[in-house]
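**Student:** Any chance you can model this:
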Amino acid sequence: MARFVAEASRPRRIAMLGGTFDPVHLGHLRSAVELQEALGLDHLHMVPAARSPLRDSPQIAPEERLALLRLGIGDTPGLVADAREFGRSGPSYTADTLAELRDAYGEAARLIMVLGHDAFMRLPEWRDPYRLFELANLVVIDRPDHEAPSPQALAELLSGREVDGVADLMASPHGHLLRLTLPSRMAISATEIRRRLAEGESVRYLLPEAVESHLLAHGLYRSRSRPR
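**Tutor:** Presented below is the predicted three-dimensional model:
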């Protein structure tokens, strides 16, 4: 009984995993499930960017990417396909999304922004990166085989923020950073999936079956030069 009381009284643990999801694939979804398990999350919001300031524009419409994400998530407990960035004009800034989630869940919630290693290395280029730490904790999905030193601007941004474990991360609603290695580390590339679809090659076992069926049925990412 005491365990259930403690769980009911602890602050909620909410994470945001953003990206273009162009298209969502099994690497995204497996990482989301493993993040839930590792961090003890109540909800993980998967937030497709309408237009990323640091990446090329997605190949298909936001509504299609959202539909694919919903198909991919299916009935997985705790995962949320979050369309909030589609309602804004201009580029999708993560700080604005975190501010909305902070307002929704309250000041005590442990709000976590999850990002991959490549995005993490470019963190100083983001708009107002210090504000991210004012709103949330950050979790970096680490790459154990990557040992390049951090750029000076990134090292300055992270000064005094890194913690060693989940308990230390969850001790505060915001302000810390944890590097986390996930068990599966599925090396699936959305770029390669788009190429395969454009060339009519198989994408079996790279995508959830429902996502694959929808893509093929609607001819998404197919090369216009190929007959339909």
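
**Student:** On the C-terminal side of the worst-scoring helix or strand of the chain on mean pLDDT, identify the next helix or strand.
**Tutor:** The weakest-scoring helix or strand in the chain, judged by mean pLDDT, DSSP states H and E, is helix 2-9 (a mean of 54). Where DSSP states H and E defines the elements, the next helix or strand beyond helix 2-9 is strand 13-19.

**Student:** Who are the packing partners of the top helix by length along the chain?
**Tutor:** Counting by DSSP state H, the longest helix found in the chain is helix 26-39. With contacts taken as 3 or more Cβ pairs under 8 Å, 6 or more residues apart in numbering; DSSP states H and E, helix 26-39 sits against strand 13-19, strand 43-48, helix 62-73, strand 79-81, strand 137-141, helix 166-169, strand 177-180. Where you see a C-beta, it was placed from the backbone N, CA and C, and this is true even at glycine.

**Student:** Nearest approach to Gly160 belongs to which of these?
**Tutor:** Gly160 lies closest, by Cβ to Cβ, to one member of the helices and strands packed on helix 26-39: strand 177-180, at 9.9 Å.

**Student:** buried ones in that closest one?
**Tutor:** For strand 177-180, the neighbour count (16 or more other Cβ atoms under 10 Å) marks Leu177, Leu178, Arg179, Leu180 as buried.

**Student:** Who are the packing partners of it?
**Tutor:** Against strand 177-180 (3+ Cβ pairs under 8 Å, 6+ apart) you get helix 26-39, strand 137-141, helix 166-169.

**Student:** Before I go, just wanted to say thanks for your time.
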